[in-house]
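Enquirer: structure for the following, please:
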Amino acid sequence: MLIKPSDEACQRHLREMREVIRQHKGAPQAALIKVLNPKIRGWAQYYSACVAKKTFDRMDAQLFHKLYRWSRFRHPHKTGGWSVRRYWKRKSERLNFGDGTARLVKYADIPIKRHIRVRADKSPYDGDWPYWVQRLGRDPTKPLRVVRLLKRDNGRCLFCGLRFRVEDVIEVHHWWDGNRTNNLYRNLVLLHGHCHDQIHGRQCC
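Expert: You can find the predicted model right below:
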């Protein structure tokens with residue numbers, strides 16, 4: 001079954017956006033963008049687990065027309081092309097509503113993230129913290145660094161490729177340069193304890 005944002009929800013949101021734009025007819029462009037961006041992000045993230053890519057593209061198109069009318073109202077004696085050049089900046093192949101210091105978020109910029117069903121044999125109370133950290137991205141009983149690395153690496157050991165289990169010993173390894181003072185996340189990975197020993201055993205030989 002494919003779940004999409006309803007037409008009613010889209011129209012309700014567009015009416016809200018139209019009202020915000022109407023209230024900011026005389027406001028600076030950056031002020032309008034500051035109000036619109038959280039509304040766009042919030043609405044798009046709410047529907048980001050749905051089949052919503054085409055809907056997001058359509059919402060971008062409709063918002064463009066509302067903002068175009070906003071720009072024409074401000075400069076009734078200028079041409080439409082002048083208004084577009086004044087309020088939209090071209091970046092590669094796209095026009096972005098912005099003034100150089102602020103840029104309007106596009107609905108289509110919000111990535112679609114499919115909802116992954118919880119495995120039938122899993123429960124939040126089963127103690128399988130590697131699984132739940134990977135899924136939820138948090139565990140108050142574990143260091144934040146371990147939680148972030150586990151989620152980033154999909155719960156797998158970078159050395160052997162196997163998933164971590166509850167009973168495994170997990171070590172933080174400085175993978176790229178071996179410098180233990182370089183604690184940037186791009187330099188850190190999680191390894192099984194025995195995999196970590198193998199790596200350091202090779203380095204010693």
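
Enquirer: how far out from the middle of the chain is the longest helix anywhere in the chain?
Expert: Criterion DSSP state H: the longest helix present in the chain is helix 53-74. Averaging C-alpha positions (CA atoms, centre = their mean, to the nearest Å) puts helix 53-74 22 Å from its chain's average.

Enquirer: that one: which residues count as buried?
Expert: 55-56, 59-60, 62-64, 67-68, 70-71 (16 or more other CB atoms under 10 Å). Glycine gets a C-beta too; all of them are placed from N, C-alpha and C.

Enquirer: quickly find the element holding F97.
Expert: In the assignment (DSSP states H and E), F97 maps to strand 94-97.

Enquirer: should've said V189
Expert: strand 188-192.

Enquirer: of all the buried residues of helix 53-74, which comes closest to K25?
Expert: Among these, W70 lies closest to K25 (CB to CB), at 6.8 Å.

Enquirer: the closest one contacts Q23, doesn't it?
Expert: No: in this structure, W70 is not within contact of Q23 by CB atoms under 8 Å, at 10.8 Å.

Enquirer: how about the helices in the chain?
Expert: Using DSSP H, helices in the chain cover 7-23, 29-46, 53-74, 80-87, 129-136, 144-152, 193-204.

Enquirer: R165 is nearest to which of these?
Expert: That would be helix 129-136 among the helices of the chain, by CB to CB, at 6.6 Å.

Enquirer: now do G127, the pLDDT please.
Expert: At G127, the pLDDT value in this model is 59.

Enquirer: what does V35 give?
Expert: So V35 comes in at 96 (pLDDT).

Enquirer: residue contacts, the residue lying closest to it once chain neighbours are set aside?
Expert: In space, and not counting its chain neighbours, V35 is closest to V20: 5.7 Å by CB to CB, 6 or more residues apart in numbering. Counting by CB atoms under 8 Å, 6 or more residues apart in numbering, V20 touches 32, 35-36, 39.
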